[in-house]
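Undergrad: structural data only, the sequence is not supplied:
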Ligand SMILES: NC(=O)c1ccc[n+]([C@@H]2O[C@H](COP(=O)([O-])OP(=O)(O)OC[C@H]3O[C@@H](n4cnc5c(N)ncnc54)[C@H](O)[C@@H]3O)[C@@H](O)[C@H]2O)c1
Ligand SMILES: CC[C@@H](O)/C=C/C=C\C[C@@H](O)/C=C/C=C/C=C\[C@@H](O)CCCC(=O)O
C-alpha cells in the first residue's frame, strides 16, 4: 500500500519506537499525528519533523492514553486538522512493575480504547476509508518466561489477544480494516531500565543474554506490516538473534 497522502496516529511518539515509526511514515509520504503524555518533548520531536518534512505533515497532541477523554480529544484534533485516519499505531507503553494498575491502564486499556476509537473513525461502514491498526505488544506478550516482569507480560498478552481477536472478526473485510500485532524483543530505547522490573539483576542478565534490537530493525518490521495489505492477523516478532519472524501468520480475510 502506498503511504503517500495517508494519515497516521501514533501514540507514545515523542521518543523511542513511536518517534522512529512516525519518521518512517513521514519518509514515505504520510501525515502523522504524534500523541504523547510528554508535552515539551513531543512538541520538540514534532517541530523537528515539521522542519524536515513540512509544517502540515506533523501535528502534536498532548495525550495520556489512559484517559478516555484525552484520547477522544486527540481524535477530534486529528480529524479537524487532517480530515481522515488510515493508520492507527497504539504504541505508548511503560514498564513499571511497582505500579501495575497504572501499567494496565496505559499498556492495555489505552490500546483497547485507542483501537476502538480508531475502528469507529476508519471503518468503511461508518464513513471511513478503512486502513490498518497496529498494536505494539512484545515478545513478552507471547511467551511468559520474562519472570522479572509479570504484570508487564500480562498487559502484553492482553494486547496480543485483543488484537488477534479483532483480526478474526468476520466483519473486518467489510470495514476495510486490518489488525496486526508487533512484538519486538528488547530494543535500545529508554524503556530498558531494569529498575522498573521486580528483579533488576536478573532482568539485566537476561537482556544481555538474549540481545538487544537496534531501532531500525524494528522499524523495518513495522513498515512491512503497514505496507502489506494481506497482514490481517499477523503477529510479528523481532529479535536480535533471529530478526523478523511471524508467530502467527496473516489470516485470510473472511468473505462475510
Ligand atoms: N524497547 C523495548 O525493549 C520494547 C520491546 C518490546 C515492546 N516495547 C514496547 O514498545 C512501545 C514503545 O516503547 P519504547 O521502547 O519506545 O519506550 P520509550 O520509553 O522510549 O517510549 C515510550 C513512549 O510512550 C510515552 N508514554 C508513556 N506513557 C504514556 C501515556 N500514558 N500516554 C501517552 N504516551 C505515553 C512516553 O512518553 C514515551 O514517549 C511500548 O509499548 C513498549 O512496551 C518496547
Ligand atoms: C532490562 C530491563 C528490561 O527487563 C525491561 C524491559 C522493558 C520492555 C521490553 C520488553 O517489552 C521486552 C521483552 C522481551 C522479552 C524477551 C524475551 C522474553 O520473552 C523471554 C525471556 C526469557 C527466556 O526466554 O529465556
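TA: Nice, I can see it. Everything quoted here is computed from the prediction, not taken from an experiment. Ligands and ions are numbered 1, 2, ... in the order given.
Undergrad: from here on, contacts and neighbour counts on C-alpha atoms
TA: OK.
Undergrad: which stretches of the protein form strands?
TA: 7-11, 31-36, 58-62, 87-90, 131-136, 177-184, 235-239, 243-248 (DSSP state E).
Undergrad: any chance of CSV for these, columns mean pLDDT and distance to ligand 2?
TA: Conversion of the strands of the chain to CSV gives the following (pLDDT from 0 to 100; distance: least, Cα to the nearest ligand atom, whole Å):
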stretch, mean pLDDT, distance to ligand 2
strand 7-11, 99, 16
strand 31-36, 98, 18
strand 58-62, 98, 23
strand 87-90, 98, 14
strand 131-136, 98, 9
strand 177-184, 98, 7
strand 235-239, 98, 8
strand 243-248, 94, 12
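Undergrad: let's have those in TSV, adding mean neighbour count and distance to ligand 1.
TA: Below are these laid out as TSV (neighbours: other Cα atoms under 10 Å; distance: least, Cα to the nearest ligand atom, whole Å):
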stretch	mean neighbour count	distance to ligand 1
strand 7-11	27	6
strand 31-36	28	4
strand 58-62	24	8
strand 87-90	28	8
strand 131-136	27	5
strand 177-184	28	4
strand 235-239	25	9
strand 243-248	15	13
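Undergrad: I'd like those strands laid out as TSV, including distance to residue 206.
TA: Converted to TSV, those look like this (distance: least, Cα to Cα, whole Å):
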stretch	distance to residue 206
strand 7-11	28
strand 31-36	30
strand 58-62	35
strand 87-90	27
strand 131-136	21
strand 177-184	15
strand 235-239	13
strand 243-248	18
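Undergrad: and the closest residue to residue 216 other than its chain neighbours, what does it touch?
TA: In space, residue 216 comes closest to residue 20 once its chain neighbours are excluded; the distance is 7.9 Å by Cα to Cα, 6 or more residues apart in numbering. The neighbours of residue 20, taking Cα atoms under 8 Å, 6 or more residues apart in numbering as the test, are 13, 215-216, 219.
Undergrad: among those, which are within reach of ligand 1?
TA: Among the contacts of residue 20, the residues lying close to ligand 1 (Cα under 6 Å from any ligand atom) are residue 13.
Undergrad: the residue most distant from the middle of this structure, which is it?
TA: residue 201 (28.3 Å; Cα atoms, centre = their mean).
Undergrad: give me the pLDDT value at that residue.
TA: The score at residue 201 is 98. That number is its pLDDT.
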